[in-house]
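Peer 1: Fold the following for me, if possible:
(one chain, ligands or ions: 1)
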Amino acid sequence: MTKKVSPVAKFKSLRTPFYYYDADLLRATLQVVVEESSKYDYHIHYAVKANANPRILSIIHESGLGVDCVSGGEIEAALKAGFPASKIVFAGVGKADWEINLGLDNNIFCFNAESIPELEVINELALAKGKTAHVALRVNPEVDAHTHHHITTGTKENKFGINLDQLDKVLDQLENLKSLRLIGLHFHIGSQLTELEPFINLCKRAEELQEQLLKRNIHLENINFGGGLGIDYRHPDQHSIPDFKSYFETFHRYFKVLPGQQVHFEPGRSIVGQCGNLISKVLYLKEGSFKKFVVLDAGFTELLRPAMYDAYHQIENISSSEKTEVYDVVGPICESSDCFGKDRELPLTNRGDFVVLRSAGAYGESMASQYNCRQLPQSYFSDSLE
Ligand code: LLP
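Peer 2: Residues are numbered from 1 along each chain as shown. Reported below is the predicted structural model:
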């Protein structure tokens with residue numbers, strides 16, 4: 001039997017579906033992140049896109065991390081949560097002028113830029129303000145992350161980053177953009193990586209590029225390796241905190257830091273993934289000709305990952321301990337993709353039971369939508385629901 005996520009009694013008065021976050025687990029995870037990364041003086045910028053819940057941001061802020069933002073809205077959310085602008089990196093293949101201006105006005109640490117047209121716009125907007133913008137070039141390292149094709153980003157056919165064969169040209173052009181200061185390189189090869197090998201390849205590629213740039217007399221003050229460390233969706237209780245020790249050790253071992261150089265990371269999922277669960281109630285049991293369906297009051301409007309990426313989330317009925325049956329667990333949305341899991345073994349399930357979708361802390365609440373005029377889910381935290 002897997003560990004029950006929380007006593008049902010706490011949830012009885014709450015309207016489902018909602019997100020329930022284990023604040024202690026989040027703090028414990030952050031402690032490991034800080035401990036393991038500070039061994040090597042690495043800088044950590046939490047990827048806000050994984051979960052921008054204000055309370056989550058505030059707990060992460062307390063741990064001293066910086067942030068990685070991909071929109072003006074995320075920059076605003078981060079500033080509101082108290083993150084200093086000096087720890088904000090701003091990425092994204094399509095930054096709007098107002099978003100760039102927001103970054104410039106707040107003197108954020110760095111713009112991770114992806115193309116010559118973007119660099120030209122940042123330069124123009126910085127010039128108009130009489131400022132110098134700090135930029136890092138996001139390079140597409142052409143390293144295969146061996147993950148779902150929707151969340152792989154470091155291969156040539158992707159829209160992300162500057163391709164290796166174009167880097168020299170971009171560096172040539174950069175010399176004419178006087179309101180920009182190149183402060184480093186940025187990479188991100190993909191998300192939910194469960195092996196360390198692609199990161200080793202990334203380190204090797206970064207070293208090669210570093211050599212190449214040194215020949216042009218460019219000394220990179222900063223290297224940003226992005227995010228991507230995966231979590232164990234199948235065994236959330238056995239592996240509630242990802243192996244940050246091996247992760248950072250790998251970079252330490254395979255990437256030789258130059259004197260004075262700072263190394264940065266942008267983990268998202270690995271920090272918040274396991275601390276969040278989506279709590280729903282069973283609306284109906286429906287018997288098809290071949291299958292039994294558990295119809296939940298949560299759908300892909302609250303947790304999109306299974307519909308969008310075929311992602312696996314552990315499903316638990318925390319109200320029943322009867323012997324198990326096999327069900328398809330589906331949501332109420334009018335689309336066949338609104339299915340959380342096929343042929344799942346659950347204890348005999350009844351209307352009104354609480355069903356928990358585990359490991360939903362990352363890209364759950366942040367990807368929720370109001371499709372079908374549904375309300376966005378509420379969120380509750382373990383330490384304020386005693
Ligand atoms: N840095 C950059 C530039 C990114 O694009 C991402 C994620 C991250 C950092 C954080 O990656 P993480 O550590 O969370 O793997 N919605 C998808 C995941 C999309 C990831 C997009 N980029 C999902 O639910 O699996």
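
Peer 1: Helices of this structure, start to end?
Peer 2: For the chain, helices defined by DSSP state H occupy the ranges 8-11, 23-38, 54-62, 72-80, 97-105, 116-128, 167-174, 197-215, 244-254, 269-272, 305-309.

Peer 1: okay, now the domains of the chain?
Peer 2: In the domain annotation for the chain, the residue ranges read 8-18+274-384, 23-271 (automatic domain parsing).

Peer 1: weakest of the helices of the chain by average pLDDT?
Peer 2: Set side by side, these show their lowest mean pLDDT on helix 8-11, which sits at a mean of 85.

Peer 1: Identify the residues contacting that one?
Peer 2: Contact partners of helix 8-11, identified using Cβ atoms under 8 Å, 6 or more residues apart in numbering, comprise Tyr20, Ile279, Ile318, Ser319, Phe354, Leu385. (Glycine included, C-beta is placed from N, CA and C.)

Peer 1: Could you check how far the last one is from Gly161?
Peer 2: As judged by Cβ to Cβ, to the nearest Å, Leu385 and Gly161 stand 42 Å apart.

Peer 1: What residues of stretch 318-329 count as buried?
Peer 2: Counting neighbours by 16 or more other Cβ atoms under 10 Å, one finds that the buried residues in stretch 318-329 are Ile318, Ser319, Ser320, Tyr327, Asp328, Val329.

Peer 1: same question for that stretch, mean pLDDT?
Peer 2: If you average the per-residue pLDDT over stretch 318-329, you get 96.

Peer 1: Need the distance between the two termini of that stretch.
Peer 2: Across its full length, stretch 318-329 reaches 14 Å between end residues, using Cα to Cα, to the nearest Å.

Peer 1: Show me which parts of stretch 298-315 are buried, residue by residue.
Peer 2: Counting neighbours by 16+ other Cβ under 10 Å, one finds that the buried residues in stretch 298-315 are 298-307, 309, 311, 313-315.

Peer 1: do stretch 193-210 as well
Peer 2: Of all the residues in stretch 193-210, those buried under the rule 16+ other Cβ under 10 Å are Leu193, Leu196, Pro198, Phe199, Ile200, Asn201, Leu202, Cys203, Arg205, Ala206, Leu209, Gln210.

Peer 1: which one of these sits closest to Leu348?
Peer 2: Here the nearest of these to Leu348, counting by Cβ to Cβ, is Leu193; it sits at 37.6 Å.

Peer 1: Next, the contact list for that closest one, please.
Peer 2: When the contact criterion is Cβ under 8 Å, 6+ apart, the partners of Leu193 are Ala145, His146, Thr147, Phe199, Gly228, Leu229, Gly230.

Peer 1: show me where pLDDT drops low in the stretch 251-386 of the chain?
Peer 2: Per-residue confidence for the stretch 251-386 of the chain (pLDDT under 70) gives these ranges: 386.

Peer 1: Near the nearest residue to Gly184 once chain neighbours are set aside, how many other residues are there?
Peer 2: With Cβ to Cβ, 6 or more residues apart in numbering as the criterion, Gly184 has its nearest non-adjacent residue at 3.0 Å, and that residue is Asn222. The criterion is other Cβ atoms under 10 Å. On that basis, Asn222 has 19 neighbouring residues.

Peer 1: Just to check, Asn222 is in contact with Gln261?
Peer 2: Yes - with contact defined as Cβ atoms under 8 Å, Asn222 counts as touching Gln261 (7.0 Å).

Peer 1: And for whichever strand in the chain runs longest, what's in contact with it?
Peer 2: Here the longest strand in the chain is taken by residue count, with DSSP state E as the criterion, and it is strand 276-287. Residues external to strand 276-287 that are found in contact with it (Cβ under 8 Å, 6+ apart): 5, 11, 14, 16-22, 51, 292-298, 302-303, 317, 332, 349-362, 364-365, 377.

Peer 1: Of those, which fall within the contact range of the ligand?
Peer 2: If you filter the contacts of strand 276-287 for contact with the ligand, counting by Cβ under 6 Å from any ligand atom, you are left with Ala362.

Peer 1: buried subset of the contacts of strand 276-287?
Peer 2: The buried subset of the contacts of strand 276-287 - by 16+ other Cβ under 10 Å - is 5, 11, 16-22, 51, 294-298, 302-303, 317, 332, 349, 353-362, 364-365, 377.

Peer 1: Quick check: strands, which of these are part of them?
Peer 2: Reading strands off the buried ones among the contacts of strand 276-287 with DSSP E, I get Phe18, Tyr19, Tyr20, Tyr21, Val294, Val295, Leu296, Asn317, Phe354, Val355, Val356, Leu357.

Peer 1: what does the stretch 251-386 of the chain have sitting close to the ligand?
Peer 2: Within the stretch 251-386 of the chain, the positions near the ligand by Cβ under 6 Å from any ligand atom are Glu266, Pro267, Gly268, Arg269, Ser270, Arg305, Tyr309, Ala362, Tyr363.

Peer 1: ok, the fourth one - how many residues close by?
Peer 2: Residues near Arg269, counting by other Cβ under 10 Å, number 25.

Peer 1: and which of the residues of the stretch 251-386 of the chain next to the ligand is nearest Val32?
Peer 2: Ranking these by separation from Val32, with Cβ to Cβ as the measure, puts Ser270 on top at 9.9 Å.
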